[in-house]
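>>> Here you go, sequence then predicted model.
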Amino acid sequence: MIQWTGERIIPKLLKPTNGMLLEHIARYYFATPYIQGRVLDIACGTGYGCHMVAKERKREVTEIIGVDNDRDTLAYANVEYNHQKVTYVQGNAVDPELPTQLGMFDTILSFETIEHVEDDQQFMDNLYDMLKPGGTLVLSSPFGRGRGMPTSEPFHVHQLTPDEFAQLFERFAQVDIYYQRGVTFEKPRDGVRYFIGVAVCVK
């Protein structure tokens, strides 16, 4: 059995009412209408999201590549969340060779990943290079004190401000930014504090 490591979600070890589990699942459901063709789930973790997408979008999806840097996590994914359309691959999200290794995608999902990498520019370059023209990126991240600033989360390198988050997507042709509160997603409202941003971007 895989051990709990960092913030990896293992649904079978959590209560159905666990807030973090519900938030993570909600992000995949939110992204579902945008998902089609060849799909990349970067930092896929234990694979529950890849499996869910494969089932929910079985007619629209041709292939799903789930990438994670942890071999044991991927071994667990291959056992617990195996699907004929899903392939799990070990890789580093900021490896400049990743686009060459994986090729191009119609849809890229990146949930709660960028706060874990120091070189967020290389990470975004990789995602952009792997996305086909007209393709869609759905990316989420918690907000915080800003790039290079300390965070109370032990596994986060830093947490971007809302403005820094929006700046990540300036090169995309179309960008819509939403804010997550629990399992709901909305445009910003006055007087409401948001902790997680979700961007839907078209190249």
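Happy to help now that I have it. Numbers count the residues shown, from 1 in each chain.
>>> residue boundaries of the helices in the chain?
Along the chain, counting by DSSP state H, helices occupy 19-31, 48-56, 71-80, 98-102, 120-130, 162-167.
>>> from the middle of its chain, how far away would the last one be?
Yep, that's helix 162-167 we're talking about. How far helix 162-167 lies from its chain's middle: 17 Å, per Cα atoms, centre = their mean, to the nearest Å.
>>> if we can go back for a sec, looking at the helices of the chain, which is closest to residue 188?
Between residue 188 and the helices of the chain, the shortest gap by Cβ to Cβ is with helix 162-167, which sits at 8.5 Å. Every C-beta, even on glycine, is put in place using the N, C-alpha and C of the backbone.
>>> Which secondary structure elements does the helix or strand bottoming out on mean pLDDT in the chain sit against?
Lowest on mean pLDDT, DSSP states H and E among the helices and strands of the chain sits helix 19-31, with a mean of 88. Where contact means 3 or more Cβ pairs under 8 Å, 6 or more residues apart in numbering; DSSP states H and E, helix 19-31 is packed against helix 48-56, strand 105-111, strand 131-142, strand 174-181, strand 184-186, strand 196-202.
>>> Make JSON lines out of the ones you listed and add mean pLDDT.
Below are these laid out as JSON lines (pLDDT from 0 to 100):
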{"stretch": "helix 48-56", "mean pLDDT": "96"}
{"stretch": "strand 105-111", "mean pLDDT": "97"}
{"stretch": "strand 131-142", "mean pLDDT": "97"}
{"stretch": "strand 174-181", "mean pLDDT": "96"}
{"stretch": "strand 184-186", "mean pLDDT": "94"}
{"stretch": "strand 196-202", "mean pLDDT": "97"}
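>>> ranking those by burial, who's on top?
Comparing the helices and strands packed on helix 19-31 by mean neighbour count (mean count of other Cβ atoms under 10 Å), strand 105-111 comes out on top with a mean of 24.
>>> List the beta-bridge partners for residue 42.
residue 67 (DSSP bridges).
>>> Might one say that it is in contact with residue 114?
No - Residue 42 lies out of contact with residue 114 (Cβ atoms under 8 Å); the separation is 9.6 Å.
>>> For residue 144, which of the helices of the chain is the nearest?
That would be helix 162-167 among these, by Cβ to Cβ, at 9.5 Å.
>>> Let me know how buried the closest residue to residue 184 other than its chain neighbours is, in neighbour terms.
For residue 184, ignoring the flanking residues on the chain, the nearest one in space by Cβ to Cβ, 6 or more residues apart in numbering is residue 26 at 7.7 Å. Neighbour count of residue 26, defined by other Cβ atoms under 10 Å: 16.
>>> Look up how far residue 80 lies from residue 26.
Residue 26 is 20 Å from residue 80, where distance means Cβ to Cβ, to the nearest Å.
>>> Same question for residue 148.
Relative to residue 80, and taking Cβ to Cβ, residue 148 is found at 37 Å.
>>> Who has more neighbours out of those two?
Applying other Cβ under 10 Å to residue 148 and residue 80 shows that residue 80 carries more neighbours, namely 15 against 8.
>>> residues in contact with the more buried one?
12, 46-48 (Cβ atoms under 8 Å, 6 or more residues apart in numbering).
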